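1. How does the following fold in three dimensions:
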Amino acid sequence: MIRAIVSVGPPAANGTVTVTGREGYPWAAASVDIAASNAAPKTCSSGVVFMTREFTGYARLRSRYGAFLIDVLACLVLWFMGALLVGSMGFDFNRWNGIALVAAYFGLLPATALQATAGKLAFKIRIVDLDGKRLTVLRSSARFFASIPSLALLGLGFVIAAWTSRRQAAHDIIAGTLVVEVDATNPGPAPKLSWPARIAACLVVVSSAVAVYANVEIYEAILKREACIRGNAANAAMCAAR
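-> I've put the predicted structure just below:
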């Protein structure tokens with residue numbers, strides 16, 4: 001049961017009201033304490049209600065965003081550990097090693113028994129195909145590669161999930177996948193989000209995409225500088241200038 005303060009309309013003849021919760025999800029079993037006479041029920045502008053949310057099964061946008069942040073952090077940690085390990089053996093950990101690491105993380109983990117990355121596990125959501133089954137390696141890899149242009153276009157491919165009835169991002173539509181909660185069995189249509197929620201989703205995703213771009217550029221600059229210094233000490237000044 002969840003306690004929330006909401007806005008409600010006038011009660012019906014039988015005393016029931018319709019309440020809409022966060023992200024547009026309908027709520028059931030709502031009891032509202034209102035002052036109304038039997039002859040002329042008054043309009044209740046707000047009230048404290050105890051509600052049981054109707055379960056739709058599709059992962060909420062905030063859960064997917066939180067999972068994405070954890071996954072980015074996990075990839076950075078793995079990237080750093082990989083660079084240390086490879087460097088200790090006298091080899092360079094270049095961008096191709098990093099790309100292979102990210103591809104394995106996002107492209108293969110959803111095809112395992114986990115059906116999710118570390119971030120999605122933390123938020124108790126998983127990736128399935130349109131029939132609710134575990135992804136094949138091919139479909140999981142296709143989803144990852146389809147997510148690259150989704151992110152490259154300032155994350156707009158991810159924002160599409162705020163408009164689709166099954167909360168699918170562009171890469172989900174292309175690969176034929178769904179992101180659902182772990183105990184979802186037969187998800188129903190997701191409710192429409194309000195425009196403020198959609199605008200907020202756009203701002204959050206686009207700002208995150210810009211942050212990812214910035215981190216990639218910074219990391220590439222560090223790699224170039226270190227490679228230049230190790231290759232020829234005389235070029236250290238030129239590397240620093242870059």
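2. From V205, how far out is V212?
-> 11 Å (Cβ to Cβ, to the nearest Å). Glycine gets a C-beta too; all of them are placed from N, C-alpha and C.
3. Name the residues of stretch 141-158 that come out as buried.
-> 141-144, 146-147, 150-151, 154-158 (16 or more other Cβ atoms under 10 Å).
4. Of all pairs in the residues you listed, which one is the farthest apart?
-> S141 and L154 (23.7 Å; Cβ to Cβ).
5. which of V212 and V205 has more neighbours?
-> Between V212 and V205, counted using other Cβ atoms under 10 Å, the more crowded position is V205 (26 against 15).
6. Look up which helix or strand the more buried one falls in, please.
-> Following DSSP states H and E, one finds V205 within helix 195-231.
7. pretty sure S141 is touching G107, no?
-> Yes - counting by Cβ atoms under 8 Å, G107 is a contact partner of S141 at 4.4 Å.
8. Give me the domain ranges for this structure.
-> 2-53, 61-231 (automatic domain parsing).
9. Quick one: the strands in the protein, in order.
-> Along the chain, counting by DSSP state E, strands occupy 2-6, 27-32, 47-53, 125-129, 177-181.
10. burial count for P191?
-> P191: 16 neighbours (other Cβ under 10 Å).
11. what separates it from R198, distance-wise?
-> The spacing between P191 and R198, counted by Cβ to Cβ, is 12 Å.
12. same deal with S207?
-> Distance, S207 to R198, by Cβ to Cβ: 15 Å.
13. mind listing what V77 touches?
-> Under the criterion of Cβ atoms under 8 Å, 6 or more residues apart in numbering, V77 has no contact partners.
14. Just the CA trace of stretch 93-106, in CSV.
-> Presented in CSV, the C-alpha positions along stretch 93-106 are these (Å, rounded to 0.1, in the frame of the first residue of the first chain):
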residue,chain,number,x,y,z
PHE,A,93,44.6,-0.8,-23.6
ASN,A,94,43.3,1.1,-26.6
ARG,A,95,39.8,2.2,-27.7
TRP,A,96,39.2,-1.1,-29.5
ASN,A,97,39.7,-3.0,-26.3
GLY,A,98,37.2,-0.7,-24.6
ILE,A,99,34.7,-1.1,-27.4
ALA,A,100,35.0,-4.9,-27.2
LEU,A,101,34.4,-4.6,-23.4
VAL,A,102,31.3,-2.5,-23.8
ALA,A,103,29.9,-4.7,-26.6
ALA,A,104,30.4,-7.8,-24.4
TYR,A,105,28.8,-6.1,-21.4
PHE,A,106,25.7,-4.7,-23.2
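15. Perfect, that will be all.
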